[in-house]
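Asker: Sequence and predicted structure are below.
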Amino acid sequence: MFAAAGVTARFVHGEAISPWLSTVFATEALAPCGHALGIGPALPPGRRGDEQEFPWHRLRADRPLVYASFGSQLAPSMDVYAALVHAFGPDEADVVIATGDTELAEPLPPHVIAVRWAPQLALLERARVMVTHGGANSVAEALRHGVPLLVVPLGHDQLLQAFLVERAGAGLTLAPDAATRDPVAAALRTLLADGSHRRRAAEIGRSYAASDGARRAAELLVART
């Protein structure tokens, strides 16, 4: 798969291809799967039930929503958060940032909402763009909702996710040290204004909606036992 994409991969660990069954939780719309079976995403069937309160009343119906989350394992530099806080003027967009354990300097502009935890699936139903580290779950959930991505990969498989998203035309990517105010603002404005990224994200989303990766994986495993 890497070679077909023109990528030279050097592995640090002992990754190996299974001669029995290899699956990819994506579809060909995002990633040509080559030796493996693209079975679609494994997404949660609904909300978990332990969601915390969120200030929905602060989101304006007449402004686009930009949602940012960087997962729970790695955190970007404060420069990345500052770039998001100052990317837009108060009348341009609402920005929701899920910060985890990171504390942002106060006070924040009125159009920026910072919370430690965010109801991601519900926000993706309204978001026009998602800013993410490129975690597999976040990428899959955003694309399932047809939301284009700005990916700032921090490590692990996130570089590959960023590559696939950008190559598919479903988003843009910035290296963490390049994700300062002007580049972030420019990328977000491009994603908001250029319908091609949203169209590609929607196309991938439709292929994801037609797939149930968890069920298909279980069926394949049972068939091979």
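Answerer: All right, it came through fine.
Asker: how about the nearest residue to V80 once chain neighbours are set aside, what does it touch?
Answerer: Of all residues not flanking V80 in the chain, A179 sits nearest, at 4.7 Å (Cβ to Cβ, 6 or more residues apart in numbering). Every residue, glycine included, has its C-beta placed from N, CA and C. By Cβ atoms under 8 Å, 6 or more residues apart in numbering, A179 lies in contact with P76, D79, V80, A83, V152.
Asker: what do you get for W20?
Answerer: Here W20 is in contact with R224 (Cβ under 8 Å, 6+ apart).
Asker: you'd agree S207 is in a helix?
Answerer: Yes - under DSSP: H, G, I helix; E, B strand; the rest coil, S207 falls within a helix.
Asker: ok, it - how many residues close by?
Answerer: For S207, the neighbour count with other Cβ atoms under 10 Å is 18.
Asker: Let me know whether T173 touches Q158 as I believe.
Answerer: No - using Cβ atoms under 8 Å, T173 is not in contact with Q158, being 9.6 Å away.
Asker: Can you pull the residues that touch both of the two?
Answerer: G134, V151.
Asker: Redo the contacts of A179 as JSON lines? Include distance to S22, neighbour count and secondary structure.
Answerer: Output for the contacts of A179, formatted as JSON lines (distance: Cβ to Cβ, whole Å; neighbours: other Cβ atoms under 10 Å; DSSP: H, G, I helix; E, B strand; the rest coil):
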{"residue": "P76", "distance to S22": "32", "neighbour count": "19", "secondary structure": "coil"}
{"residue": "D79", "distance to S22": "38", "neighbour count": "14", "secondary structure": "helix"}
{"residue": "V80", "distance to S22": "34", "neighbour count": "25", "secondary structure": "helix"}
{"residue": "A83", "distance to S22": "38", "neighbour count": "24", "secondary structure": "helix"}
{"residue": "V152", "distance to S22": "29", "neighbour count": "28", "secondary structure": "coil"}
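Asker: With respect to A105, which of these is nearest?
Answerer: D79 (12.1 Å; Cβ to Cβ).
Asker: Give me the pLDDT for the residue nearest to V80.
Answerer: Per-residue confidence (pLDDT) for A179: 92.
Asker: so which strand or helix has the residue most central in space within the chain?
Answerer: The chain has V139 as the residue nearest its centroid, 3.2 Å off, counting by Cα atoms, centre = their mean. If you go by DSSP states H and E, V139 is part of helix 136-144.
Asker: following that helix, which helix or strand shows up next?
Answerer: Downstream of helix 136-144, the next assigned helix or strand under DSSP H and E is strand 149-151.
Asker: Who are the contact partners of L121?
Answerer: Contacts of L121 (Cβ under 8 Å, 6+ apart): P44, R47, E141, H145.
Asker: how about it, phi and psi?
Answerer: Here is the backbone geometry of L121 (degrees, to the nearest 10): phi -60, psi -40.
Asker: likewise V112?
Answerer: Dihedral angles (degrees, to the nearest 10) for V112: phi -110, psi 120.
Asker: Could you tell me how many residues sit around it?
Answerer: Neighbour count of V112, defined by other Cβ under 10 Å: 23.
Asker: who's it bridged to?
Answerer: Beta bridges link V112 to V95 when assigned by DSSP bridges.
Asker: OK, contacts around it?
Answerer: Residues in contact with V112 (Cβ under 8 Å, 6+ apart) are L84, V85, D94, V95, I97.
Asker: who does the helix holding V139 touch, helix- and strand-wise?
Answerer: With contacts taken as 3 or more Cβ pairs under 8 Å, 6 or more residues apart in numbering; DSSP states H and E, helix 136-144 sits against helix 120-124, strand 129-132, strand 149-151, helix 158-167, helix 195-209.
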